[in-house]
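> how would this look folded up:
(chains A, B, C and D)
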Number of protein chains: 2
Amino acid sequence: MDTEQLAKIFKALGHPTRVKIIEHLIDINTCVCGEIVNIFPYSQSTISQHLKLLKDSGIVCGEIEGPKTYFCVDKIVLNKFKHYIQNL
Amino acid sequence: MDTEQLAKIFKALGHPTRVKIIEHLIDINTCVCGEIVNIFPYSQSTISQHLKLLKDSGIVCGEIEGPKTYFCVDKIVLNKFKHYIQNL
DNA sequence: ATCGTTTATCGGCTATTAACGATAAATAAT
DNA sequence: ATTATTTATCGTTAATAGCCGATAAACGAT
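Numbers count the residues shown, from 1 in each chain, chains lettered A, B, ... in the order given. Got it, this is the predicted structure:
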């Protein structure tokens, strides 16, 4: 896990809303964008962009099924991330 | 450790240079701004700002001694941070 | 084929970030 | 008192982030 990707993940988590999103994703395992929109006081487009950022960092993956996209935490990446932090 | 502070630390680490700075600070325990300037291809003011960001997040503290400022990782905050990540 | 549902993207706006050089501030040494 | 050293801050510029509403795109169901 190189510095660039690490920084990217840190950056992706560098926003309170995205921290809460990832906590939520870990809690409920998988989740659709619309559900998250309902939790937060932001528009659908804003939440979609937050999810995109998380996805682009690699910590979250999204699978398209029909009109919905199911987001979930990429456990492999998360574990690498945890491992890095633990060795700090 | 609330979401706001967490996000602040994540954000502070959300830049490759700052990741490297904190790795360096952990390696050598304590460090003066000028040393860090010598490591990176950035100006003194840029590095000083990166250090300020890290300091403002709480993960790093700086002690002024004479004209120098000694930066070091705040181990209490780092441990809280590690603990949070581990429980993800 | 049309409509409803869901998500992604575009354009626009404002605020923040990242970088720099220049300057100020603080101290140590001469 | 002056100079050298070290760091912080200011002002600027370009780029990025965060938010929104509007629109497009993809699919399922009617």
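> show me where chain A has strands.
A:30-32, A:60-65, A:68-73 (DSSP state E).
> is any part of the first one close to chain B?
To tie it back to what came earlier, the one meant is strand A:30-32. No. Figure legend: strand A:30-32 not in contact with chain B (CB under 8 Å from any CB of the partner chain); closest approach 15.6 Å. Yep, even glycine has a C-beta here, placed from its N, CA and C like the rest.
> quick check: A:Ser57 touching A:Ile9?
Yes. Under the criterion of CB atoms under 8 Å, A:Ser57 makes contact with A:Ile9 at 4.8 Å.
> follow-up on the earlier one: can you add mean pLDDT and mean neighbour count and give the strands of chain A back as TSV?
Formatted as TSV, the strands of chain A follow (pLDDT from 0 to 100; neighbours: other CB atoms under 10 Å in any protein chain shown):
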stretch	mean pLDDT	mean neighbour count
strand A:30-32	88	16
strand A:60-65	91	14
strand A:68-73	94	17
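> out of the ones you listed, nearest to A:Asn87?
Nearest to A:Asn87 among those is strand A:68-73 (20.5 Å), distances taken as CB to CB.
> tell me the contacts of A:Val37?
Residues in contact with A:Val37, defined by CB atoms under 8 Å, 6 or more residues apart in numbering or on different chains, are A:43-44, A:47.
> buried among those residues? Need that as a selection in PyMOL.
A single PyMOL command selects the buried members of the contacts of A:Val37 (16 or more other CB atoms under 10 Å in any protein chain shown):
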select buried, chain A and resi 47
